[in-house]
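Asker: Predicted model and sequence below, questions to follow.
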Amino acid sequence: MSHTIESILTENRVFPPSEAFKAQATINDAKYQELKDKAETDYVGFWSDLAREKLSWSKDFSVGLDDSKAPFYKWFTDGELNASYNCIDRHLEEKEYKNAIIFEADDGSTETYTYKDLHDEVCRLANALVAKGVEKGDRVIIYMPMIPQAVFAMQACARIGAIHSIVFGGFSAEALKDRIEDAGAKMVITADGGFRGGKTVALKNAVDEALEKGGRSVESVIVYERTKQAVKMKAGRDITWNDAIAGMSNYHHAVMVNAEHPLFLLYTSGSTGKPKGIQHSTGGYLLNAHLTNEWVFDLKNDDVFWCTADVGWITGHTYVAYGPLSMGMTIVMFEGVPTYPDAGRFWKVCQDHAVTVFYTAPTAIRALMKFGSDLPKQYDLSKLRLLGTVGEPINPEAWIWYHDVIGRGECPIVDTWWQTETGAHMIAPLPGVTALKPGSCTKPLPGIDAHIVDEEGTELTHGEGGYLVIRKPWPSMVRTIWNDDARFVETYFAMFKNKYYVVGDSAHLDTDGNFWIMGRIDDVLNVSGHRLGTMEIESALVSHPAVVEAAVVGRPHDVKGEAIAAFVVLSNNLNEAAEKAAMVQELREWVAKEIGPIAKPDEIRFGTNLPKTRSGKIMRRLLRGIAKGEDLCGDTSTLEDPTILAQFMEKH
Ligand code: ATP
Ligand code: MG
């Protein structure tokens, strides 16, 4: 019996890099070959040389990789450095007056911070943290809106060697309390509230509630006054940001830490279950953060880089707060939402700040596609030279729209596959080298040893889908799950007895050596003995003109083993039962024609949106429950809009 996963979707469009892009790219064919060769012949030397070349160390290291306690790998073990020094201080001599952050608020007002401004803000806050008794190794929760102060807070923690853990501002008091307790945090840095889509949202009251229910380790709370709404301040515990930094010096000598000192903890998005407290290192993390901004985003001194991710996600850590700053780049930060005041907002921000490199999630692209191509055409997007996506597989149809309408048919698209645990891009195109295929994240980066294996751990060649795994350790890999070494080993290494890091996604290779992510391993369907990933069936549905988004899951079936249930969002909602029934028929036939009768959904349900995590990922785990007719219990704390579930309870 075969244990592989079948690939049924064929995508043949290929987009090689243009000569013009190639000519200016940092990584060209020759450089790529050189990096790959070096990684193959001298793996540890490859990473060690790059670590010395790209980062500033206060103490050089003598050990590149320590694998004596595998799978608890350590990199650059006896080296010392400071992440904030690397992101700020070392640029000051040449870039004092260069913009580090261009901030656009929800209401459209803007602020800019030069590298000198960033330095001063971060130092004042670092001094305030020290004054409040925060020491190296203490955990600090950051619960903030998407404003520059969130980055100041991250950098200030890094500067004093405190370990930050950001909790996304949209999370409830309960979710916040759980994370505070798991991390054993000493301080919370928050804001009175924030602005989103023209509305004022509260934040501080959730901190109060979380700390009433628990979180006893927290000694102090710093509150940035963003909205100036009335909030309760608990005497002896709470202090405003302005009071905390009053009189503080704009100089702080960065505390050098060991390369393995934890830089931050970040809880995963919770698509597949209880979030895990992912622990990242300082040296290894920063190296891959820096390198991938240089390699994959091809960032250069005059670029303006906008990554739309909130700092509450790993993407906001590596591609907002640490990577681009470590390279001395100018970043855009945006407080608002893509649809306010209208669905042209992203394109207006790109135009107004002359954004050159733009990075967002497939969920945002699909949502904006729904509003058509005329809206983006009203804006001058001519400065864009490179586009990126992350978070989920991108359906080929969405890729083509992004490429043609936003990228003028000219900008390469880097579809970046990685995870909270990997710290930085792992499988992604090098835009001056790689021929792109819509829906494929293409090839592993130099030094990343990715493979696809079956359940026995046998390597699969092209065509067969299986478990995506990484063989050799890499510098920015997760060090452990906070407070839970056993869960770390069990989750990522136990399956193949420590031989591989097990990603949790399924994938297959094509004849050109490109990787295609097929979905989560937990979501693989087994239909009449055929094992199918979710991605291809979903992409077939999305390629129908009436469909905006789709998610498929399996439900037990007496004969077939599993039946396919599809959850579909249409661009125009249907109200009549007859119309819905006709659409169900049409979509079933469509899938049969696109990828074959085996993938034909047995049932299709419609709703106005899919249940997603707050980072925009589809939660198939919940849809599986609905398809089975189960009562939905379990962890829905990371769900964006719980009311969506009710719509899908109805069958057609
Ligand atoms: P949890 O681990 O708690 O379930 P999560 O996996 O959603 O949460 P993240 O670490 O933010 O949390 O997401 C990483 C996952 O996102 C990957 O394992 C993969 O499934 C998906 N992903 C990210 N980027 C891509 C991409 N470019 N193509 C396909 N899938 C992607
Ligand atoms: Mg995950």
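Answerer: Sure, I can see it. Ligands and ions are numbered 1, 2, ... in the order given.
Asker: ranges for the strands of the stretch 501-650 of the chain?
Answerer: Taking DSSP state E, counting those that start in this stretch as the test, the strands found in the stretch 501-650 of the chain are 501-509, 515-520, 525-527, 530-532, 547-557, 561-570, 603-606.
Asker: where does this structure have low pLDDT?
Answerer: 1-3, 632-637, 650-652 (pLDDT under 70).
Asker: Quick check: residues of it near ligand 1?
Answerer: Taking C-beta under 6 Å from any ligand atom, the part of the chain that reaches ligand 1 is made up of 268-272, 275, 314, 390-393, 415-420, 441, 504-505, 517, 520, 615, 617. For every residue, glycine as well, the C-beta is placed using N, CA and C.
Asker: Out of these, list just those in helices.
Answerer: I314 (DSSP state H).
Asker: got the buried residues for the longest helix that the chain contains?
Answerer: In the chain, ranked by residue count with DSSP H as the criterion, the top helix is helix 577-595. Neighbour-count burial for helix 577-595 flags K580, M583, V584, L587, R588, W590, V591, E594, I595 (criterion: 16 or more other C-beta atoms under 10 Å).
Asker: Distance to A354 added to those residues, as a markdown table?
Answerer: Output for the buried residues of helix 577-595, formatted as a markdown table (distance: C-beta to C-beta, whole Å):
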| residue | distance to A354 |
| --- | --- |
| K580 | 46 |
| M583 | 43 |
| V584 | 46 |
| L587 | 42 |
| R588 | 47 |
| W590 | 41 |
| V591 | 42 |
| E594 | 40 |
| I595 | 41 |
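Asker: Let me know the closest of those to D485.
Answerer: I595 (42.4 Å; C-beta to C-beta).
Asker: if I look at that closest one, how far off is E294?
Answerer: From I595 across to E294, the span is 38 Å (C-beta to C-beta, to the nearest Å).
Asker: cool, H508 as well?
Answerer: The value you get for H508 to E294, if C-beta to C-beta is used, is 29 Å.
Asker: cool, V433 as well?
Answerer: Here V433 is placed at a distance of 13 Å from E294 (C-beta to C-beta).
Asker: Between the two, which is the more surrounded one?
Answerer: A count of neighbours by other C-beta atoms under 10 Å puts V433 above the other of V433 and E294, at 22 against 18.
Asker: these two touch, right, that one and T26?
Answerer: No - checked against C-beta atoms under 8 Å, the pair V433 and T26 is beyond contact range at 10.4 Å.
Asker: out of the residues of the chain next to ligand 1, which are buried?
Answerer: Of those, these count as buried by 16+ other C-beta under 10 Å: 268-272, 275, 314, 390-393, 415-420, 441, 504-505, 517, 520, 615, 617.
Asker: All the helices of the stretch 401-550 of the chain, residue numbers only.
Answerer: Using DSSP state H, counting those that start in this stretch, the helices found in the stretch 401-550 of the chain span residues 485-492, 534-542.
Asker: Include distance to V218 and mean neighbour count when you put these into CSV, please.
Answerer: Output for those, formatted as CSV (distance: least, C-beta to C-beta, whole Å; neighbours: other C-beta atoms under 10 Å):
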stretch, distance to V218, mean neighbour count
helix 485-492, 24, 16
helix 534-542, 40, 26
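Asker: ok so, going back, any common contacting residues for V433 and E294?
Answerer: Shared contacts of V433 and E294 (C-beta atoms under 8 Å, 6 or more residues apart in numbering): I27.
Asker: contacting residues for G432?
Answerer: Residues in contact with G432, defined by C-beta under 8 Å, 6+ apart, are P17, F21, K22, Q24, A25, T26, I27, N28, D29, D298.
Asker: List the contacts of the residue lying closest to it once chain neighbours are set aside.
Answerer: Residue nearest to G432 in three dimensions, not counting chain neighbours: A25, with 2.3 Å by C-beta to C-beta, 6 or more residues apart in numbering. The contact partners of A25, taken as C-beta under 8 Å, 6+ apart, are P17, D298, L430, P431, G432, V433.
Asker: Which strand or helix spans Y359?
Answerer: strand 357-360 (DSSP states H and E).
Asker: Give me the contact list for that strand.
Answerer: Defining contact as C-beta under 8 Å, 6+ apart, one finds that strand 357-360 is touched by 297-299, 303-309, 315, 319, 346, 350, 384-390, 406.
Asker: partners of it in the sheet?
Answerer: According to DSSP bridges, strand 357-360 forms sheet pairs with strand 304-307 (parallel), strand 386-389 (parallel).
Asker: Output these in TSV, with mean neighbour count appended to each entry.
Answerer: Formatted as TSV, the strands paired with strand 357-360 follow (neighbours: other C-beta atoms under 10 Å):
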stretch	mean neighbour count
strand 304-307	24
strand 386-389	24
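Asker: re earlier: other SSEs contacting the longest helix of the chain?
Answerer: Other helices and strands packing on helix 577-595, by 3 or more C-beta pairs under 8 Å, 6 or more residues apart in numbering; DSSP states H and E, are helix 534-542, strand 561-570, strand 603-606.
Asker: Now the shortest one: buried residues?
Answerer: Translated: strand 603-606. I604, R605, F606.
Asker: Pick the one among those residues closest to ligand 1.
Answerer: Using C-beta to the nearest ligand atom, R605 comes nearest to ligand 1 of these, at 22.7 Å.
Asker: How much space separates the closest one from P393?
Answerer: The gap separating R605 from P393 is 21 Å, by C-beta to C-beta.
Asker: tell me the contacts of the closest residue to Y501 other than its chain neighbours?
Answerer: Distance criterion C-beta to C-beta, 6+ apart; nearest residue to Y501, sequence neighbours excluded, is I470 at 4.3 Å. For I470, the contact set (C-beta under 8 Å, 6+ apart) comprises T422, M426, I448, D449, A450, H451, M477, Y500, Y501, V503.
Asker: out of these, which is most surrounded?
Answerer: M426 (27 neighbours).
Asker: Now do the same contact list for it.
Answerer: Neighbouring residues of M426 by C-beta under 8 Å, 6+ apart: W417, W418, Q419, P444, L445, I448, A450, I470, W474.
Asker: Spatially nearest residue to the third one (excluding sequence neighbours)?
Answerer: By the measure of C-beta to C-beta, 6+ apart, the closest residue to Q419 outside its immediate chain neighbours is V503, 6.9 Å from it.
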